[in-house]
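In: Below: sequence and its predicted model.
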Amino acid sequence: MWISFAKFEASEYSPSEEEKVQDEGTKLRLRRARRVLERAISYVGTSAPEVKEERAMLLEKWLNMERSFGELGDVGSVQAKMPKKLKKRRQVTTEDGPAGYEEFIDYLFPEEAQTTNLKVLEAAYRWKKKQKIDESRVKCRDFIAADFC
């Protein structure tokens with residue numbers, strides 16, 4: 001549905017316009033189509049974050065549309081939003097117990113990667129803080145031991 005709406009917004013209304021007016025009209029139609037697709041990506045990402053495949057498919061269609069616009073297309077901004085494909089494995093269980101593993105494709109979107117990086121940075125900060133506390137305890141213990149020796 002979103003793709004059809006974006007294609008409708010990008011379609012030409014009257015092909016017999018002057019070149020300058022047509023160029024401005026084309027830019028306006030492209031902006032409308034981009035706005036529709038941005039809204040679609042946002043909607044799918046917030047309302048149903050578990051349907052990553054549909055979100056990736058929307059982005060792929062958007063990328064193809066931008067490429068078809070030629071020099072007016074903004075391929076770089078869409079490529080920045082594209083997810084990384086990750087091949088993962090999960091255990092398959094049956095009534096008898098584990099039956100093996102199946103491979104599946106998962107998608108890691110840039111905004112998810114940023115939150116993952118933040119978690120790593122937070123963990124590193126906590127570790128560094130703990131190291132400083134432990135180091136100060138060792139110095140304190142050494143200082144107290146030196147006074148009594």
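Out: Thanks, I have it. Numbering: from 1, shown residues only.
In: Quick one: the helices in the protein, in order.
Out: Counting by DSSP state H, the chain has these helices, from start to end: 2-10, 19-47, 52-68, 75-81, 110-148.
In: Of these, which is nearest G100?
Out: helix 52-68 (22.8 Å; CB to CB). Where you see a C-beta, it was placed from the backbone N, CA and C, and this is true even at glycine.
In: Quickly note the distance from the residue positioned nearest the centre of the chain to L63.
Out: When CA atoms, centre = their mean is applied to the chain, the residue found nearest the centroid is F109 (2.2 Å). Separation of F109 from L63 (CB to CB, to the nearest Å): 14 Å.
In: which stretches of this protein have low pLDDT?
Out: 2, 5, 7-9, 11-23, 113-118, 139-149 (pLDDT under 70).
In: picking that back up, wait, which of the helices of the chain is closest to R89?
Out: Closest of the helices of the chain to R89 is helix 52-68, at 16.9 Å (criterion: CB to CB).
In: list the buried ones in stretch 40-56?
Out: Applying a neighbour-count criterion of 16 or more other CB atoms under 10 Å, one finds A40, I41, V44, G45, K52, R55, A56 buried in stretch 40-56.
In: what sits against the last one?
Out: Yep, that's A56 we're talking about. M82, P83, K85, Y107 (CB atoms under 8 Å, 6 or more residues apart in numbering).
In: Any idea how many residues pack against the residue lying closest to D74 once chain neighbours are set aside?
Out: Nearest residue to D74 in three dimensions, chain neighbours excluded: E66, at 5.7 Å (CB to CB, 6 or more residues apart in numbering). By the measure other CB atoms under 10 Å, the count of residues near E66 is 21.
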